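Enquirer: only the shape, not the letters, is given here:
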Ligand code: PEP
């Protein structure tokens, strides 16, 4: 049975003390929520991992980094490797976010390497895919998503693939206030699950968690999460206020 997950992606927001405070509020919210139907993850900047981990310890909230390097170690000034992330006690790493692909020129091939390094370090991966507005208008969105998944993930053995969570994030819906309709999102989620089924079989596809990301908020989360192939959300802006984030966590 696949897990439902709601994961926050704080991006480059909050100082360490602010992040620790936000994490505390999320931990308290989760502790107070009766009968939660999803796992909760907070994705935080590298600088925050250790301090936030200390707050999460013993609670029910998992920790993610927002990126890792495409090398294991060495002379890569300013980079943070997957083993370094894992050594903070983080459980997940978010890879392939469209902001990383767009602003930092992360390629499908580079992401394949990052995925391998993250899994080798014992991290689970929240792997983002999704099309731009131009690609959707041109009708190439299915192919774009397929290329991203095949190119960076589908070389994995089935056992390794079990540690992958896929996040469908249409770029045109990220931080824009424009959400994909629940029907648009479900269409792509079902397509992704079908791709996983063709590669790994029906059981693996059924066990794969597929999140939606793109202006998800308390007011639209319920409708999105009600769809059969939407197993939760990757949440940007609305993860920066504990009350909003909890409004999504409790939407199941
Ligand atoms: C994101 O960047 O992963 C995201 C989903 O952002 P937002 O919720 O702000 O659209």
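Expert: Nice, I can see it. As the structure is a computational prediction, the values presented were derived from the model and not from experiment. Numbering: from 1, shown residues only.
Enquirer: which bits of the stretch 1-150 of the chain sit near the ligand?
Expert: Those residues of the stretch 1-150 of the chain that sit near the ligand, judged by Cβ under 6 Å from any ligand atom, are residue 9. Heads up, the C-betas are built off the backbone N, CA and C, glycines and all.
Enquirer: same thing with the stretch 151-252 of the chain?
Expert: Within reach of the ligand by Cβ under 6 Å from any ligand atom, the stretch 151-252 of the chain has these residues: 169, 174, 175, 213, 214, 215, 216, 234, 235, 236, 237, 238.
Enquirer: restricted to buried residues, select the residues you listed in ChimeraX.
Expert: Remark: buried members of these, expressed as a ChimeraX selection using 16 or more other Cβ atoms under 10 Å:
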select :169,174,213,214,215,216,234,235,236,237,238
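Enquirer: what is the nearest of the residues of the stretch 151-252 of the chain next to the ligand to the ligand?
Expert: The nearest member of these to the ligand, counting by Cβ to the nearest ligand atom, is residue 236 at 2.2 Å.
Enquirer: for the closest one, which non-adjacent residue is closest in space?
Expert: If the residues on either side of it in the chain are set aside, residue 236 comes closest to residue 9, at 5.1 Å by Cβ to Cβ, 6 or more residues apart in numbering.
Enquirer: residue contacts, residue 64?
Expert: Residue 64 is in contact with 7, 9, 41, 42, 43, 44, 90, 91, 92, 93, 94, 126, counting by Cβ atoms under 8 Å, 6 or more residues apart in numbering.
Enquirer: so in the protein, where's the weakest helix or strand by average pLDDT?
Expert: Every helix and strand of the chain was ranked by mean pLDDT, DSSP states H and E. The lowest is helix 133-138, at a mean of 94.
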